[in-house]
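Asker: pasting the sequence and the predicted model now:
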Amino acid sequence: HRHPVLPLPFPSPCPVLGMCFLPPQPRPFHPASQQRNKKKKRFNFRFPRGSTGRRRLAPNPDCLLPLPDPRSLLRDPSTMGISRGCLLCVKVKMFFFNLIFWLGGCGVLGVGVWLAVSQGRFATLSFSFPSLSAAGLFMATGAIIMVVGFLGCLGAATEHRCLLLTFFLVLSTLFLLELVGLLVFVTCRDKFDRYAQSNLKEGLKLYGQEDNVGLTKAWDLVQNEFRCCGVQNYTDWLEVPGNNTGVPLSCCLEQSDTCQENSASWWTEPCYEKVKQWLGDNISAMGIFAACIVVVQVLGIVFSMLMYCQVRRAEKYYD
């Protein structure tokens, strides 16, 4: 007869599905008479015990059914629809985000090209590094932004994990470098201040030269707009070796043929302090601009990682 079966605590499509108990072990032969105990008992419904004294359970082989594949649940249309919908949402957001990022890079690159074409090398920022100009910085920054934005757009459009991971690593590296640069600038502000003043004084030697038109235009623009003269004072121009004309015309209160020889008609405010004051007055706008850059970078990092995880999860669903 069939072994007794413990009923399942939940409904099952198989009427006999369950765990059945092992039959009780027969009584051993009596050691004296070598005969079985003639006293028969009814079927023992107690749990059989093994050699260790623990109750033994064994599955009924007639009722074993193959377990469903867990991945079949992931291939369910409703489940896959939700996953695919999340992936599509992240994909669209990341594509438009990187498109705006790429267009911003095009704008920055265009400003750099305009400065290079219309203003010459406007303006050489460092005497130690003459090739470091505002136009070059704008063009280099714009090119980097365009490359990063293109990687993000291509990765979002193709759902390629390698491109998404590359975009994530590049953007994360740039973000970390910006943080490190900010910390170094804050901790070594005084050293940067002294270096900038000494470097600007050295740059006065290049004023008026034919191959440094950008620097000449930059100094004239700053001194006219801020009504200042020299880095720390107008005496900085008088200390330039080989300077026989005194101060530039941009240092004069009113430009005339004799203003360069009359010190009473010169601006006396230092340009370095005037520029620092202007930056301090516009620190809120600069802070908002920096915060926007940080938010854009953080959103790019988050979107790229979210889409990378969604693409990887979708690939596992179809494997």
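Answerer: Ah, there it is.

Asker: next SSE after the lengthiest helix in the chain?
Answerer: Longest helix of the chain, by residue count under DSSP state H: helix 77-118. On the C-terminal side of helix 77-118, the nearest following helix or strand under DSSP states H and E is helix 134-158.

Asker: would you mark the buried spots in that following helix?
Answerer: Within helix 134-158, the residues scored as buried using 16 or more other C-beta atoms under 10 Å are 134-136, 138-139, 142, 145-146, 148-156. Heads up, the C-betas are built off the backbone N, CA and C, glycines and all.

Asker: related to what we said a few turns ago, just want the angle from the longest helix of the chain to helix 134-158.
Answerer: Counting by axes from the mean of the first three to the mean of the last three C-alpha atoms, to 10 degrees, helix 77-118 points 160 degrees away from the direction of helix 134-158.

Asker: elements contacting helix 77-118?
Answerer: Judged by 3 or more C-beta pairs under 8 Å, 6 or more residues apart in numbering; DSSP states H and E, helix 77-118 is in contact with helix 70-74, helix 134-158, helix 283-318.

Asker: can I get those in a markdown table with distance to residue 231 and mean pLDDT?
Answerer: Rendered in a markdown table, the data for these read as follows (distance: least, C-beta to C-beta, whole Å; pLDDT from 0 to 100):
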| stretch | distance to residue 231 | mean pLDDT |
| --- | --- | --- |
| helix 70-74 | 68 | 44 |
| helix 134-158 | 18 | 86 |
| helix 283-318 | 22 | 83 |
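
Asker: including distance to residue 98, could those go into CSV?
Answerer: Shown next, in CSV, are the helices and strands packed on helix 77-118 (distance: least, C-beta to C-beta, whole Å):
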stretch, distance to residue 98
helix 70-74, 29
helix 134-158, 3
helix 283-318, 7
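
Asker: figure out which of those helices is closest to residue 179.
Answerer: Residue 179 lies closest, by C-beta to C-beta, to one member of those: helix 283-318, at 9.3 Å.

Asker: tell me the angle of the closest one relative to helix 77-118?
Answerer: 140 degrees.

Asker: in helix 283-318, what's buried?
Answerer: So for helix 283-318, counting by 16+ other C-beta under 10 Å, buried means 296-297, 300-301, 303-308, 310-311, 314, 317.

Asker: could you do stretch 226-242 as well?
Answerer: For stretch 226-242, burial by neighbour count (16+ other C-beta under 10 Å) applies to 226, 228, 229, 230, 231, 233, 234, 236, 237, 240.

Asker: endpoints of that stretch, how far apart?
Answerer: 26 Å (C-alpha to C-alpha, to the nearest Å).

Asker: how about stretch 184-191?
Answerer: End-to-end span of stretch 184-191 (C-alpha to C-alpha): 11 Å.

Asker: pLDDT on that stretch, on average?
Answerer: Here stretch 184-191 scores 89 as its mean pLDDT.

Asker: again with stretch 105-116
Answerer: Taken as a whole, stretch 105-116 has a mean pLDDT of 85.

Asker: please apply the same query to stretch 257-275.
Answerer: The average pLDDT for stretch 257-275 rounds to 83.

Asker: buried ones in the helix or strand where residue 200 lies?
Answerer: Using DSSP H and E, residue 200 maps to helix 189-203. By 16+ other C-beta under 10 Å, the buried positions in helix 189-203 come out as 196, 197, 200, 201, 203.

Asker: same for the next helix-or-strand element following it, what does it pack against?
Answerer: Using DSSP H and E, the helix or strand that follows helix 189-203 towards the C-terminus is helix 213-226. For helix 213-226, the packing partners by 3+ C-beta pairs under 8 Å, 6+ apart come out as helix 134-158, helix 271-281.

Asker: angle of helix 213-226 against helix 189-203?
Answerer: Using the same axes, to 10 degrees: helix 213-226 against helix 189-203 is 110 degrees.

Asker: next helix or strand past helix 213-226?
Answerer: helix 235-238.

Asker: what's in contact with that following helix?
Answerer: Residues outside helix 235-238 that contact it (C-beta atoms under 8 Å, 6 or more residues apart in numbering) are 201, 204, 229, 230, 243, 246, 247, 248, 251.

Asker: for it, what is the average pLDDT?
Answerer: Computed over helix 235-238, the mean pLDDT rounds to 87.

Asker: just the CA coordinates for it, please, in CSV.
Answerer: The C-alpha coordinates for helix 235-238 follow below in CSV (Å, rounded to 0.1, in the frame of the first residue of the first chain):
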residue,chain,number,x,y,z
THR,A,235,55.6,101.9,-11.2
ASP,A,236,55.5,98.4,-12.5
TRP,A,237,55.6,99.8,-16.0
LEU,A,238,58.6,102.1,-15.2
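
Asker: reformat the buried residues of stretch 226-242 as CSV; add distance to residue 112.
Answerer: Shown next, in CSV, are those (distance: C-beta to C-beta, whole Å):
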residue, distance to residue 112
226, 24
228, 27
229, 29
230, 28
231, 26
233, 33
234, 32
236, 29
237, 30
240, 30
